[in-house]
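Visitor: Curious how this folds, go ahead:
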Amino acid sequence: MAAGLYVLATPIGNARDISLRALDVLKGCDVIAAEDTRVTSKLLAIHGVSKPLIAYNDHNAPEMRPRILGRLAKGEAVVLVSDAGTPLVSDPGYKLVRAVVEAGLDVVAIPGPSAVLAGLTLSGLPSDRFLFAGFLPSREGERKSVLEELKTVRATLIFFESAQRLADSLGAMALVLGDRPAAMTRELTKMHEEVRRGSLSELAAHYQKAGAPRGEVTLLVGPPGAVVTDNAKIDAALTAALAFMPVKAAANMIADLTDGSRKVIYARALELKDDD
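Guide: Model (predicted):
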């Protein structure tokens, strides 16, 4: 195998969800950098692969990056894997890739399983635009701030979530984002795979009553609905405001109150002013 860093996706549950190319790379590399060597060694044993393993994770990444770069510089083929799915998604792998690129060395992607895409496929939510937002903060105030930032994103939102925090997170989402359609997926590709669809409030109520589910959770939330503009109410509000305010100030105030387009409301304010 040619020297380089091979970023290789491993199964998220079912051990047979691994590509023939991935097996070839695992068998042909010099060393495998794993998030948890114990987890990866089990996968390798299932597929009859025996290769040296080194740990690369959140705890030792700053120390291990120079060592891995040294191996690559000497012409070795190093495979990077996470415990499950595609590396670089919610792990420190991107820092290693960045360092390898900056060093002028090769990076090769070996694509495969991803809980993000598997969840999106099963959710029944719009898939033409989506945003992976990782894990929400555990603290209530920080979680609310993050959700406020995501509130206007016109795409399906995808989160990883702790099963123990699921009910609280669903409740916070319903409060901040509005009661959007959503899907809770867990244990994807495993024996006890589950997909539960409903509104955020329905899902929150279910898990408040049922308790935390078991396993790994991927949570998907539909995009915000289209804003329906009530032109009659906007006209009435503009007319009242224009009686004592300049056109621009009145338009800005009504736009803020209705979440409408400033440009459209300003144009309408000019029309109303001219009619007077």
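Visitor: F160 is in contact with L220, correct?
Guide: No. The pair L220 / F160 is not scored as a contact, 10.8 Å apart, by Cβ atoms under 8 Å. All C-beta spots, glycine's among them, are computed from the backbone N, C-alpha and C.
Visitor: what about the two, which has more around it?
Guide: Higher neighbour count among L220 and F160: L220, with 24 against 18, using other Cβ atoms under 10 Å.
Visitor: Please identify the pairing partners of whatever helix or strand the more buried one lives in and their relative orientation?
Guide: Per DSSP states H and E: L220 is located in strand 217-221. Here strand 217-221 has these sheet partners by DSSP bridges: strand 156-161 (antiparallel), strand 181-186 (antiparallel).
Visitor: will you turn those strands into CSV that also has mean pLDDT and distance to I68?
Guide: Output for those, formatted as CSV (pLDDT from 0 to 100; distance: least, Cβ to Cβ, whole Å):
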stretch, mean pLDDT, distance to I68
strand 156-161, 97, 25
strand 181-186, 96, 33
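Visitor: From V146, how far out is the closest residue to E140 other than its chain neighbours?
Guide: The spatially closest residue to E140, leaving aside those adjacent along the chain, is A172, at 7.2 Å (Cβ to Cβ, 6 or more residues apart in numbering). A172 is 10 Å from V146, where distance means Cβ to Cβ, to the nearest Å.
Visitor: intersection of neighbour lists for these two?
Guide: With contacts defined as Cβ atoms under 8 Å, 6 or more residues apart in numbering, the residues adjacent to both A172 and V146 are L136.
Visitor: distance between the ends of stretch 149-159?
Guide: 14 Å (Cα to Cα, to the nearest Å).
Visitor: Other residues contacting it?
Guide: Stretch 149-159 is contacted by residues 116, 119-120, 123, 125-127, 129-136, 169, 176-177, 218-224 when judged by Cβ under 8 Å, 6+ apart.
Visitor: Provide a list of residues in contact with G171.
Guide: Contacts of G171 by Cβ under 8 Å, 6+ apart are L200, S201, A204, Q208.
Visitor: Can you select the buried ones from the residues you listed in ChimeraX?
Guide: The buried subset of these, as determined by 16 or more other Cβ atoms under 10 Å, is captured in ChimeraX by this line:
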select :200,201,204
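Visitor: Could you tell me which of the contacts of G171 belong to helices?
Guide: L200, S201, A204, Q208 (DSSP state H).
Visitor: Report how many residues lie close to the closest residue to the first one other than its chain neighbours.
Guide: So that's L200. Nearest residue to L200 in three dimensions, chain neighbours excluded: A174, at 3.8 Å (Cβ to Cβ, 6+ apart). The number of residues packed near A174 is 20, by other Cβ under 10 Å.
Visitor: and A174, that one's in a strand?
Guide: No. Under DSSP: H, G, I helix; E, B strand; the rest coil, A174 sits outside any strand and is assigned helix.
Visitor: Pretty sure R214 sits in a helix.
Guide: No. Per three-state DSSP, R214 lies outside any helix segment and is coil.
Visitor: That one: what's it in contact with?
Guide: A163, R186, E187, H192.
Visitor: Let's test this: mean pLDDT of the strand holding L220, rounded?
Guide: Strand 217-221 carries an average pLDDT of 97.
Visitor: just use 26 as the starting number from now, easier for me
Guide: I'll keep to 26 as the first residue from here, and by that count the last item is strand 242-246.
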